[in-house]
Every structure is written in structure tokens, then in C-alpha cells.
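**Student:** Okay, structure incoming, though there's no sequence with it:
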Ligand code: SAH
């Protein structure tokens with residue numbers, strides 16, 4: 001095997017180390033989340049022009065007006081799910097497939113739904129080419145969940161909505177955890193919902209975030 005150019009390797013390693021240090025500094029303490037984000041390279045999920053910025057702590061464009069979330073927000077959401085490794089997890093907003101790949105390292109099975117057919121097709125091909133298994137993808141309106149595989153032990157929504165869709169609460173197992181940005185189209189608070197019984201849940205606010213809109217029947221209407 002030809003050695004990788006020294007400058008590329010060291011740049012990548014330095015960027016990854018800086019990302020991990022920042023995550024810890026900002027309160028990400030779950031060793032499994034940090035390990036998963038070390039194992040899953042971000043480069044294949046970002047646009048070629050952004051490769052050198054792949055580990056920078058800001059969102060990057062993935063085309064079609066959508067973004068791959070900044071590492072800190074991905075880590076915050078996944079840490080809040082408190083996964084042990086045996087869960088079935090539903091993700092709404094496949095996007096590039098990056099957070100689904102990270103989730104696949106933390107749970108038994110990942111179901112992920114994307115409304116944009118091009119993004120969904122690209123993510124499917126990318127995840128297969130990279131060899132990630134244990135991930136099922138569907139193209140459709142994730143504000144309605146994916147009822148066929150419910151209940152889910154955890155649900156993560158990577159797009160912001162006006163409220164937490166009732167369909168998702170219904171598809172969450174009792175004791176399950178759901179994380180979703182809730183607020184306006186432009187800015188939201190990250191909400192953690194824990195389902196305590198068939199009809200009860202608690203909600204905790206994890207801080208301010210800015211996600212692209214969840215567009216669907218139980219989200220926002222299509223932009224004009
Ligand atoms: N998790 C992604 C980032 C997603 S950005 C990653 O790691 O790259 C949010 C995504 O949610 C966008 O791709 C957008 O098209 C998608 N989205 C918006 N509304 C949706 C809906 N109702 N159902 C499924 N996906 C939706």
C-alpha cells in the first residue's frame with residue numbers, strides 16, 4: 001500500500017483531535033459517542049470542496065439546500081439518547097447519511113427516513129459503498145415516522161419542526177428517548193422527550209440550535 005501523503009494524514013488527524021477535544025470541552029462525556037465519532041470519517045459525507053473543513057465545528061452544505069450538522073450538535077443529540085448498543089433507532093432526516101453511520105456504531109439497528117429522493121439515493125449508495133450495515137433507508141415524509149418497524153427505543157429528528165409530531169411519540173417505546181429541534185423555521189431549542197408511560201412524557205430543553213426545516217404533514221408546509 002502506498003503511504004498517504006504526510007500533509008494529508010497529519011491534517012486529518014489534527015482536525016479529528018481538535019474536534020474530539022472541543023466536544024469534550026463542550027460537555028460530551030459519553031465515551032461510546034466519542035469513539036463512534038472517531039471511527040466514522042466525515043470526509044465521505046461532505047462535498048469535495050469542503051474536505052479540509054470536514055471536522056470543523058460548523059454545519060456544511062450537502063446540496064439541495066440541506067446541511068450535515070456540526071459535530072457538536074450530532075454528539076449532543078446522540079449522547080442524549082443514552083444508547084447501550086441493543087436499541088432499534090429511528091432517524092428522521094438522513095441527509096448525507098453521516099449521523100446514521102454514527103448511530104449504526106451505537107445501536108443494534110438504524111431506520112432512517114429522508115424526504116428528498118436524490119439525497120436518499122445518494123446516502124444509500126454511499127453507506128453501502130462504505131460498508132455500513134444495520135441501516136435501513138426509506139424515502140418519504142418522516143414527520144409521520146416509519147410505522148412498520150415501531151416501536152423504536154430511540155428517535156432522533158435532524159430537522160426542526162413547530163412541535164414534536166404525535167406520530168413519532170406514538171412510535172416511541174415506553175421508556176424510549178426522542179431528541180428533536182423544536183421552534184421556528186429559523187431557530188429552535190433541542191428538546192429531549194422521555195416517554196414515561198403510554199400517554200405521559202417529560203420534556204427537557206438541551207439548548208438553542210438552528211436546523212433546516214422538517215417539511216411534512218406533521219412538520220412545516222413546503223416553502224413557497
Ligand atoms: N442527519 C443528516 C443531516 C440532515 S439535514 C446528516 O448527518 O447529514 C436534515 C434533513 O432532513 C435534510 O436532508 C432534509 O431533506 C430532511 N427532511 C426535512 N423534512 C423531512 C421529512 N419530513 N422527512 C424526512 N426527511 C426530512
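**Tutor:** Done, it's in. The shown structure was predicted, so the numbers you read here are calculated from the model rather than taken from an experiment.

**Student:** Grab the longest helix from the protein for me.
**Tutor:** Selection of the longest helix in the chain by residue count, based on DSSP state H, yields helix 6-25.

**Student:** outside of that helix, which residues touch it?
**Tutor:** Residues from elsewhere that reach helix 6-25, judged by C-beta atoms under 8 Å, 6 or more residues apart in numbering: 34, 37-38, 43, 52, 54-57, 71-72, 75. (C-beta placed from N, C-alpha, C; glycine too.)

**Student:** Now for these: which two are most distant?
**Tutor:** 34 and 52 (22.3 Å; C-beta to C-beta).

**Student:** So for those two, which sits in the more crowded spot?
**Tutor:** More crowded of residue 34 and residue 52, by other C-beta atoms under 10 Å: residue 34, with 17 against 13.

**Student:** Contact partners for the more buried one?
**Tutor:** Contact analysis of residue 34 by C-beta under 8 Å, 6+ apart lists 20, 23-24, 28, 75.

**Student:** between these, which is closest to residue 185?
**Tutor:** Taking C-beta to C-beta as the measure, residue 185 sits nearest to residue 75 out of the contacts of residue 34, at 24.4 Å.

**Student:** Please identify the buried residues of stretch 168-187?
**Tutor:** Buried positions in stretch 168-187, judged by neighbour count with 16 or more other C-beta atoms under 10 Å: 168-169, 171-172, 176-183, 185.
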